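Asks: next one to model:
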Amino acid sequence: MSEYEHRTVLLRGGEVHSPADPFATAMVVERGHVAWVGSEGAADAFASGVDEVVDLDGALVTPAFVDAHVHTTATGLALTGLDLSTAASLAEAADRIRTHAAARPGDRILIGHGWDASRWPERRAPRRDELDELTGGRPLYLTRIDVHSAVVTTALLDLVPGIRSLDGFRDGEPLTGDAHHAVRAAAYAAISPAQRTEAQRAARARAASLGIGTLHECGGPEISSEADFTGLLDLAREEAGPRLVGYWADLDVERARALGAVGAAGDLFADGSLGSHTACLHEPYADHAAAGHTGVAHLDADIVAGHVVACTESGLQAGFHAIGDAAVGAVVDGVRAAAEKLGLARIRAARHRVEHAEMLTPETVAAFAELGLTASVQPAFDAAWGGEEGMYAERLGAERARTLNPYAALLRAGVPLAFGSDSPVTPLDPWGTVRAAAFHRTPEHRISVRAAFTAHTRGGWRAVGRDDAGTLVPGAPADYAVWRTDELVVQAPDDRVARWSTDPRSGTPGLPDLTPGADLPVCLRTVVFGQTVYVRPNE
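Replies: Numbers count the residues shown, from 1 in each chain. Model (predicted):
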């Protein structure tokens with residue numbers, strides 16, 4: 001614990017979002033915890049006994065956000081390197097690739113992310129011969145926006161003996177499955193330690209600048225590397241910044257424990273993604289109907305059951321990446337089988353997780369509630385790919401696409417929600433995430449701003465078994481953010497179409513107006529366990 005964390009700080013003259021006092025304008029932090037929240041007048045009693053007084057000047061103080069699903073190094077590589085997520089065409093992407101290659105002559109490998117051919121007028125990914133020309137024949141690893149497929153140069157393929165015989169290799173097409181995992185391992189192995197640390201620092205700095213106090217890192221042998229995972233945990237212990245909670249996606253439970261993970265969980269793949277046609281479905285993809293293609297299943301219910309039993313008995317969380325309805329069904333069946341063996345109470349107490357959980361039915365929603373499964377979800381997915389003309393509708397047809405990401409149904413059933421970004425799949429953007437959930441493209445799936453905010457703060461803490469954090473009440477960890485924002489508003493909890501009220505008699509702490517088109521709050525300061533990890537320049 002640093003010296004700063006022992007200091008006593010009084011914040012006053014603002015708006016403090018606290019269930020302890022809906023009208024609080026001041027807060028005292030002591031020894032890394034919230035010591036008191038209350039009114040401006042009562043704050044005078046503390047003024048002479050604190051080490052520092054912070055004048056909020058009308059700013060809003062909220063709990064710091066928790067991003068419950070992040071790939072930190074990949075996020076940093078996108079921030080510091082080649083990011084194609086905003087490229088409007090294949091031609092623009094090609095220009096960015098050429099420019100990036102010229103600007104990084106010393107890199108052993110070029111890493112890029114974010115292409116999405118479904119948004120481009122050319123409607124295709126870059127070909128390998130094109131990439132060879134753009135990079136001058138250097139190794140390049142370039143992931144699709146969902147990170148479940150990639151295009152690469154010949155020089156990178158040459159680093160992976162036997163790549164052409166692996167599942168997921170089809171010459172002239174993006175790599176998926178085992179072939180993708182193999183080239184990803186080779187690409188990350190070629191990144192220098194300095195390049196990796198630079199990326200991790202960049203990602204943590206960006207998170208802190210957005211009011212994010214905790215990141216759930218989702219690593220694993222098919223995603224990054226053990227050195228990447230342990231290096232990140234070490235960095236978080238040694239340098240100020242957002243907290244890191246590590247999940248290692250491995251069926252080897254003891255390996256996950258040895259690496260310092262809280263769970264053998266995260267992106268333990270039951271299937272792939274909708275964008276890459278690898279999410280596992282009961283019925284074929286609408287745009288691959290003639291071939292009868294239903295995606296790829298990586299785990300069956302028996303494997304899921306065995307893993308959940310092993311994790312529960314070892315005191316670790318289990319968790320699975322499951323997007324398609326068939327994959328979600330396999331996870332539910334497996335967890336239920338584990339409950340039959342160990343008892344429902346033990347399974348519920350372990351708070352196992354399902355990441356993404358996009359294609360749900362009323363039956364699987366009910367099963368999540370019964371089994372105590374946390375739905376770790378990403379509302380920005382719907383903002384990016386939902387709607388009648390979006391990628392989901394293209395892959396599944398409009399009728400099936402409208403069933404995706406049913407947040408209101410999950411909340412009504414009592415399923416715990418934890419919000420994240422899956423960055424770099426979608427950007428770190430906590431207020432944008434809250435807005436995406438409150439203004440879901442399918443109106444019946446919308447939830448209140450208050451519920452969405454809770455899922456992105458307290459929900460992330462609950463997802464790791466902590467019920468004492470994520471709110472600004474006495475005794476809670478002092479993880480908070482200070483925001484410049486417009487007038488606060490209160491949304492009725494049963495108001496799914498977001499009609500707004502500013503009536504203070506509700507007794508409910510207000511939140512910023514997130515109506516589409518309204519300016520999002522600007523982070524002025526982020527504090528983790530009483531330690532300032534970000535201050536906006538010139539503020």
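
Asks: all strands of the stretch 351-500 of the chain, in order?
Replies: Secondary structure of the stretch 351-500 of the chain by DSSP state E, counting those that start in this stretch: the strands cover 353-356, 374-377, 417-419, 480-484, 488-491, 500-501.

Asks: got a markdown table for those strands, with distance to A189 and mean neighbour count too?
Replies: (Each C-beta comes from the backbone N, C-alpha and C, glycine too.) Formatted as a markdown table, the strands of the stretch 351-500 of the chain follow (distance: least, Cβ to Cβ, whole Å; neighbours: other Cβ atoms under 10 Å):
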| stretch | distance to A189 | mean neighbour count |
| --- | --- | --- |
| strand 353-356 | 25 | 28 |
| strand 374-377 | 28 | 28 |
| strand 417-419 | 31 | 27 |
| strand 480-484 | 36 | 24 |
| strand 488-491 | 48 | 20 |
| strand 500-501 | 51 | 14 |
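
Asks: of all the ones you listed, which one is nearest Y392?
Replies: Nearest of these to Y392, taken as Cβ to Cβ: strand 353-356 at 12.7 Å.

Asks: rank the strands of the stretch 351-500 of the chain by pLDDT, which is bottom?
Replies: For the strands of the stretch 351-500 of the chain, mean pLDDT drops lowest on strand 500-501, to a mean of 39.

Asks: circling back to that earlier point, just put the strands of the stretch 351-500 of the chain in TSV and tack on distance to T403.
Replies: What follows is these, written out as TSV (distance: least, Cβ to Cβ, whole Å):
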stretch	distance to T403
strand 353-356	14
strand 374-377	14
strand 417-419	17
strand 480-484	34
strand 488-491	25
strand 500-501	28
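
Asks: in the stretch 151-300 of the chain, which spans are strands?
Replies: Secondary structure of the stretch 151-300 of the chain (DSSP E, counting those that start in this stretch): strands located at 212-219, 243-248, 263-264.

Asks: for those strands, which one sits closest to P174?
Replies: Closest approach to P174 among these (Cβ to Cβ): strand 212-219, 21.9 Å.

Asks: ok, back up a step: out of the strands of the stretch 151-300 of the chain, the one nearest A179 is which?
Replies: That would be strand 212-219 among these, by Cβ to Cβ, at 20.6 Å.

Asks: that closest one - contacts with which helices or strands?
Replies: Judged by 3 or more Cβ pairs under 8 Å, 6 or more residues apart in numbering; DSSP states H and E, strand 212-219 is in contact with strand 65-70, helix 226-238, strand 243-248, helix 458-462, strand 522-528.

Asks: so what are the sheet partners of that strand and their directions?
Replies: Strand pairing for strand 212-219, determined by DSSP bridges: strand 65-70 (parallel), strand 243-248 (parallel).

Asks: select, out of the strands of the stretch 151-300 of the chain, the one closest to A68.
Replies: Evaluated over the strands of the stretch 151-300 of the chain, closeness to A68 peaks at strand 212-219, with 4.7 Å, by Cβ to Cβ.

Asks: next, the angle strand 480-484 makes with that closest one.
Replies: 120 degrees (axes from the mean of the first three to the mean of the last three Cα atoms, to 10 degrees).

Asks: now the angle from strand 212-219 to helix 226-238?
Replies: Counting by the same axes, to 10 degrees, strand 212-219 points 160 degrees away from the direction of helix 226-238.

Asks: next one: strand 212-219 to chain centre, how far?
Replies: Remark: strand 212-219 is offset 8 Å from the chain centroid, using Cα atoms, centre = their mean, to the nearest Å.

Asks: ok, now stretch 522-531?
Replies: 20 Å.

Asks: do the same with stretch 57-72
Replies: 13 Å.

Asks: sorry, back to before: need the strands of the stretch 151-300 of the chain in TSV (columns: mean neighbour count and mean pLDDT).
Replies: TSV is the format used below for the strands of the stretch 151-300 of the chain (neighbours: other Cβ atoms under 10 Å; pLDDT from 0 to 100):
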stretch	mean neighbour count	mean pLDDT
strand 212-219	29	98
strand 243-248	24	98
strand 263-264	28	98
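
Asks: of all the ones you listed, which one comes closest to V522?
Replies: strand 212-219 (14.2 Å).

Asks: return the alpha-carbon coordinates of that closest one using CSV.
Replies: Only the C-alpha atoms of strand 212-219 are listed here, as CSV (Å, rounded to 0.1, in the frame of the first residue of the first chain):
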residue,chain,number,x,y,z
ILE,A,212,-12.2,2.5,-15.6
GLY,A,213,-10.8,1.3,-12.3
THR,A,214,-10.7,-2.5,-12.9
LEU,A,215,-10.0,-4.7,-15.9
HIS,A,216,-10.8,-8.4,-16.2
GLU,A,217,-8.0,-9.7,-18.3
CYS,A,218,-9.1,-12.7,-20.4
GLY,A,219,-6.0,-14.6,-21.4
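
Asks: now that strand against strand 522-528, angle please.
Replies: Using the same axes, to 10 degrees: strand 212-219 against strand 522-528 is 70 degrees.

Asks: picking that back up, can you tell me which of the helices and strands packed on strand 212-219 is most buried?
Replies: Most buried of these by mean neighbour count (mean count of other Cβ atoms under 10 Å) is strand 65-70; its value is a mean of 30.

Asks: what's in contact with that one?
Replies: Contact partners of strand 65-70, identified using Cβ atoms under 8 Å, 6 or more residues apart in numbering, comprise 203, 207, 210-218, 266, 355, 376, 378, 418-423, 428, 430, 456-457, 459-461, 463, 470, 481.

Asks: and for stretch 159-170?
Replies: 139, 157, 171, 175-180, 182-183, 186, 190.

Asks: can you check stretch 296-304 too?
Replies: 176-177, 251, 268-272, 278, 280, 320, 326-327, 330-331, 333-335, 337-338.

Asks: buried ones in the helix or strand harbouring E340?
Replies: Assigned by DSSP states H and E, E340 belongs to helix 325-342. Going by neighbour count (16 or more other Cβ atoms under 10 Å), the buried part of helix 325-342 is 325-339.

Asks: pLDDT on that helix, on average?
Replies: 98.

Asks: likewise stretch 444-460?
Replies: On average, stretch 444-460 scores 97.

Asks: what of stretch 358-365?
Replies: Stretch 358-365 comes out with an average pLDDT of 98.

Asks: now F381: how far from T426?
Replies: Relative to T426, F381 is positioned 7 Å away (Cβ to Cβ, to the nearest Å).

Asks: of these two, which one has the most company?
Replies: Taking neighbours as other Cβ atoms under 10 Å, F381 and T426 compare with F381 leading, 27 against 22.
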